[in-house]
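**Q** My questions are about this predicted structure, shown below with the sequence.
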Amino acid sequence: GQNIDQPTEMTATEGAIVQINCTYQTSGFNGLFWYQQHAGEAPTFLSYNVLDGLEEKGRFSSFLSRSKGYSYLLLKELQMKDSASYLCAVRNMFSGGYNKLIFGAGTRLAVHP
Amino acid sequence: DSGVTQTPKHLITATGQRVTLRCSPRSGDLSVYWYQQSLDQGLQFLIQYYNGEERAKGNILERFSAQQFPDLHSELNLSSLELGDSALYFCASSPVGREGRRNEQFFGPGTRLTVL
């Protein structure tokens, strides 16, 4: 089966750093994605990891350890607009080269002044 | 703007009714995915189509069906609607999957369905 766990809610202060963790159990792993979703809006792509290590992209970084089934999203210099849900999603590749994305329930981040 | 379009944006209907949600993928994307997101819930994968053929099924109810047409747009049909079907329905598209490539899914703005 497949299982993705991430904290339900987190709070942080403007200007600070926050780390959102995600653990997963899956077969046919072929990448892990982080999406940002503001309330009532579409998810938007933030980052992608398929190999172990850290991927940095401006204020956002994402880390993956495949052997531990673990990833985290690091948000630096938090801004009020970063208040949103952050969705961890694992991609499974199956025959024919097609992919299926399974999402975690999301972590709702509230940034306070 | 992701390039994925969905219509209608809002839909209000009554229990027992049938509705059709429409999605046009990004230009060149052959894969279309449908997701349901209920209030304060995560994205639940419903179904995937690739170039007109069904490729994967998730937790899709028998009352729901979908198809992808030759022009690659897709429709999600929801019938015998119940109060619990009220949710945001998202469509996403992606290019052909190749192992190791990012090929992220691009999401449309969603259709908010309210069943009264």
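**A** Okay, I see it. Numbers count the residues shown, from 1 in each chain, chains lettered A, B, ... in the order given.

**Q** C-alpha from now on. contacts and neighbour counts both.
**A** OK.

**Q** so what's residue B:40 scoring on pLDDT?
**A** Among the per-residue scores, residue B:40 shows a pLDDT of 69.

**Q** and the residue of chain B found nearest chain A, which of the three is it?
**A** Among all residues of chain B, residue B:42 sits closest to chain A, at 4.1 Å; criterion: CA to the nearest CA. Secondary structure, DSSP: H, G, I helix; E, B strand; the rest coil: residue B:42 is coil.

**Q** host element of the nearest residue to it once chain neighbours are set aside?
**A** Closest residue to residue B:42 apart from its sequence neighbours, by CA to CA, 6 or more residues apart in numbering or on different chains: residue A:105 at 4.1 Å. Under DSSP states H and E, no helix or strand contains residue A:105.

**Q** ok, how many other residues are close to residue A:105?
**A** Look at residue A:105: counted by other CA atoms under 10 Å in any protein chain shown, it has 22 neighbours.

**Q** I'd assumed residue B:43 was in contact with it.
**A** Yes. Residue A:105 is in contact with residue B:43 according to CA atoms under 8 Å; the separation is 7.0 Å.

**Q** Residue B:22 contacts residue B:73, correct?
**A** Yes. With contacts counted by CA under 8 Å, residue B:22 reaches residue B:73, the gap being 7.4 Å.

**Q** about what we covered before: could you pull up phi and psi at the residue nearest to residue B:42?
**A** For residue A:105, the backbone dihedrals (degrees, to the nearest 10) come out as phi -70, psi -10.

**Q** so what's it scoring on pLDDT?
**A** 93.

**Q** Contact partners for it?
**A** Taking CA atoms under 8 Å, 6 or more residues apart in numbering or on different chains as the criterion, residue A:105 is in contact with A:4-6, A:8, A:87-88, B:41-43.

**Q** Apply 10 Å and report the result again.
**A** The contact partners of residue A:105, by CA atoms under 10 Å, 6 or more residues apart in numbering or on different chains, come to A:4-8, A:85-89, B:37, B:40-44.

**Q** how about the residue nearest to the spatial centre of chain B, secondary structure?
**A** Relative to the mean C-alpha position of chain B, the nearest C-alpha, by CA atoms, centre = their mean, is the one of residue B:34, at 2.7 Å. With three-state DSSP as the basis, residue B:34 sits in strand.
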